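K.L.:
need a 3D model of the sequence below.
(2 chains)
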Amino acid sequence: MDTQRVRQIIHVDMDAFYASVEQRDRPELRGKAVIVAGDPKARGVVSAASYEARKFGVHSAMPTAQALRRCPHAVLLPVRMERYAEVSHAIQSIFERYTPLVEPISLDEAFLDVTACTNLFGSAERIGRAVKGQIASQTQLTASVGVAPNKFLAKLASDLKKPDGFVVITEQNKQEILDPLGVGRIWGVGKVTETALHSRGIRTIADLRATPEVELRDLVGNGATELLRLARGEDDSEVEAARQAKSLSSEQTFATDVSDPVILLAVLLEQVEEVAQRLRRRRLKARTVTLKLRYGDFRTVTRSETLGEATNLTQVLWETAERVFRQWQQSASGALRLLGFGATGLESQEAGQATLFPDPQAEKLERLDRAMDAIRDRYGRRAVHRGNRPAE
Amino acid sequence: MRVTFNRSALAEALGLVISVVPSRTPKPVLKCVRIAASGKQVRICATNLEMGLNYLVSEVEIAREGEVVVEASHLADIVRASAEDVLVLDAAESTCEIRGADSRFTIYGQDPKQYPKVPSLDDGDVDITITLEQLQSGIQQCLFATAKESSRYAINGVLWEVKGKKLLLVATDGRRLARCRVSLEKAPKEEKATQKIIVPAKTMGLLEKLPPREKESVSVKLVDNQILIRCANVVISSNLVEGNFPKYEDIIPTDYDKKLKLSTEIALSAVRRASLLTSEESKGIKVSVKPNTVVFSGSSPEAGAAEVSMPVEYSGEAIDIGFNPVFLMDVLKVVREPEFELELGQADRPGLIKSGADFLYVLMPINLG
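P.N.:
Just a heads-up that it's a prediction; the model follows:
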């Protein structure tokens, strides 16, 4: 394998994306503190805050109510996901002018591998500047761009001079840039690991790099090798183009914590119906069903079950989800702040193994799902749903 | 109760009995075994309410009759770890002492009256008898193909289909099917001559685990929704699986013209090697049959590609077909003849594997795209 190959990776991160889209669409908001968020009365959280609002300490994932206390004069706007997706799509097509190797991480963030196209378009730095320029001219939005030999450094670079940043990290200058940074800047180092490292006096990436692996192993276990590699600015992970969805999920945060199983199961059923329909639309089947349960104190647990074979039948997914829910209920209790249902282990509906026997029961359920999908497509999501509302 | 046991006989008994003890159960008493001494024998039994096991131990000296119910795993651990030749089990009301030359364990028991009844099978009117050897050989050739936790409960078990003096054992997971024919010693009476029952895979697994003894005979009786099976000093009782086993006869192809004979050992090695580079996403291998050669090939976009060929006498039409390599390896491991027959139709129709007159295997292809 060609390990010597020097890659050229670009990370593009849109600045305060949702808020910027709103400010662009409504010029009167420019220069003002804008918060895109869920309803504060229903315990919504901040999705994005303009830089004017960030000055007051508002950041994403913060409860909306708290954000408004910090920045009472901010303009509060609801989330318009479809609009952001539209703009994101336009940006995506700019990336694709340069390389097919685009890995979208979210609506406002993507990795580009331009190693193979530098002959065509010039250096990675040049491509990065061109992408940034075209985003600005075509969408009137600013992006922060990082150019580096790997994904880790590229993401780090785009973050260094935000907003409207442009940073190039090379094999030559990487250590100089990394060393003074805090260990928290490393991929995968969260609060827990950071605190553990701090407790041993390991504060900067330079400190980390100077720590022997054995010593580090005591602190972070098997992650030590990877951590040291990152501290040296090494990262092999590939840009995964057009990556297939790995999971589909639906979750709901409640206005007040809910402990009534009747209500929880009703919510769960709705989520299962929604996810099952999305699976069918994408012609996918799921192997594993996962419930996400977040308590009032933000403690979050997941419970899952893997099926013998992948399915996208609402009934089968629902029976599984209900079983997982009941098992959770037996072993735990408490009011939930959030309940979510996810389907993972996705595979294509057609691909793969053919079956020996028609399964009359499955065929019946398939016809039912098809009929319900057709009604919903025509008359809306609430037009029809299952009547087997769970009884206690 | 006070009984002196030959330790290794007791260990063997517990080793088998414990396989029906559930690891998790809402009823704590089911984590126990019941030990009852009377006459010249000790009966050890366990049940998980789906399946029960009765084991008679005769290498014992009973000083005082009685019974005790104690946690199975504790007792088994103690007996297994001991190096003594004999152990004494001395049970009072709610405790059981296990004494060796240098040791004394006291474990707390439960009320024997709380322990569910575990059915036994007396001599007399049994429906079927078969040698243990025939039964176990049949199980070995089909049990692997049963479904694991399918929502079609019927295929989570093995179909027993009596046809005169023959017993057909059929298992499928919906993608492949194994059928094996074994001989009965005693055919059932008229009214049960065409009986079809589905025995849970777990019960079949337990039968396969019975210590093989030459010429040992297995007696089977069907009562309501239960099957009772006696083999020497062991009686297994099990609920049957309810539901309809799929009509499998229709899917066994009879019209195929592409037939080849392959060496079992060489084919197994070829499939294994061709599958080395396949991944979870691209789990199929391609079997390409051409005049005089079969090529097994597998690849995955991340890892690379593999190709293994073997010579074969074949002059028919060429065909490419995809199969799950695991399904092929599973069957080639249980084929006993040095050669087997592979029959193919089209790329979207099942493959058929035959070995001797009594074994066949049908497997659906994978669409390799």
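K.L.:
and for residue 293, the neighbour number?
P.N.:
Going with chain A. The number of residues packed near A:Leu293 is 21, by other CB atoms under 10 Å in any protein chain shown. Glycine gets a C-beta too; all of them are placed from N, C-alpha and C.
K.L.:
sorry, I should have been clearer: chain B.
P.N.:
13.
K.L.:
who's in contact with it?
P.N.:
Contacts here follow CB atoms under 8 Å, 6 or more residues apart in numbering or on different chains; on that basis B:Thr293 touches B:309-312, B:314.
K.L.:
run the last query once more with 10 Å
P.N.:
B:309-312, B:314, B:318 (CB atoms under 10 Å, 6 or more residues apart in numbering or on different chains).
K.L.:
any idea whether the residue positioned nearest the centre of chain B is helix, strand or coil?
P.N.:
Compute the mean C-alpha point of chain B, and by CA atoms, centre = their mean the closest residue is B:Gly205, 2.6 Å away. Three-state call for B:Gly205 (DSSP: H, G, I helix; E, B strand; the rest coil): helix.
K.L.:
is it true that it touches B:Ile139?
P.N.:
Yes. The pair B:Gly205 / B:Ile139 is scored as a contact, 8.0 Å apart, by CB atoms under 10 Å.
K.L.:
which neighbours do the two have in common?
P.N.:
Joint contacts of B:Gly205 and B:Ile139 (CB under 10 Å, 6+ apart) are B:Val158.
K.L.:
can you give me the helices for the stretch 51-200 of chain B?
P.N.:
For the stretch 51-200 of chain B, the helices defined by DSSP state H, counting those that start in this stretch cover B:72-81, B:132-142.
K.L.:
next one: the stretch 51-200 of chain A
P.N.:
A:51-54, A:64-70, A:81-95, A:118-121, A:124-139, A:151-160, A:174-178, A:191-199.
K.L.:
to chain B, which of these lies closest?
P.N.:
helix A:151-160 (17.4 Å; CB to the nearest CB).
K.L.:
what is the closest one packed up against?
P.N.:
strand A:9-14, strand A:102-106, strand A:109-113, helix A:124-139, strand A:143-148, strand A:166-168, helix A:174-178, helix A:224-231 (3 or more CB pairs under 10 Å, 6 or more residues apart in numbering or on different chains; DSSP states H and E).
K.L.:
ok, 7 Å please
P.N.:
strand A:9-14, strand A:143-148, strand A:166-168 (3 or more CB pairs under 7 Å, 6 or more residues apart in numbering or on different chains; DSSP states H and E).
K.L.:
what residues does that helix touch?
P.N.:
Applying CB atoms under 7 Å, 6 or more residues apart in numbering or on different chains, the contact partners of helix A:151-160 are A:9-13, A:111, A:144-148, A:165, A:167-169, A:174, A:185, A:187, A:230, A:233, A:235, A:237, A:239.
K.L.:
centroid-nearest residue for chain A?
P.N.:
A:Ser106 (5.9 Å).
K.L.:
Provide the partner residues of it in its beta bridges.
P.N.:
A:Glu109 (DSSP bridges).
K.L.:
quick one: pLDDT of it?
P.N.:
Looking at A:Ser106, its pLDDT stands at 76.
K.L.:
cool, A:Gln353 as well?
P.N.:
With respect to pLDDT, A:Gln353 scores 75.
K.L.:
and it, how many residues sit next to it?
P.N.:
So A:Gln353, with other CB under 10 Å, has 21 neighbours.
K.L.:
what's the answer for B:Thr95, then?
P.N.:
Count around B:Thr95 with other CB under 10 Å applied: 13.
K.L.:
ok, now the one 4 residues further on?
P.N.:
Here the neighbour count serves as a burial measure; for B:Arg99 (other CB under 10 Å) it reads 17.
K.L.:
what bridges to it?
P.N.:
So, taking DSSP bridges as the rule, B:Arg99 has B:Val88, B:Arg104 as bridge partners.
K.L.:
what sits against it?
P.N.:
B:87-88, B:90.
K.L.:
how is A:Glu238 assigned, secondary-structure-wise?
P.N.:
From three-state DSSP, the assignment for A:Glu238 is coil.
K.L.:
cool, and A:Glu270?
P.N.:
Criterion first, three-state DSSP; result for A:Glu270: helix.
K.L.:
pLDDT score assigned to it?
P.N.:
A:Glu270 is given a pLDDT of 90.
K.L.:
where's it relative to A:Leu156, distance?
P.N.:
Distance, A:Glu270 to A:Leu156, using CB to CB, to the nearest Å: 40 Å.
K.L.:
can you check B:Thr203 too?
P.N.:
59 Å.
K.L.:
kindly report the same for A:Leu339.
P.N.:
35 Å.
K.L.:
which one's more surrounded, these two?
P.N.:
A count of neighbours by other CB under 10 Å puts A:Leu156 above the other of A:Leu339 and A:Leu156, at 26 against 22.
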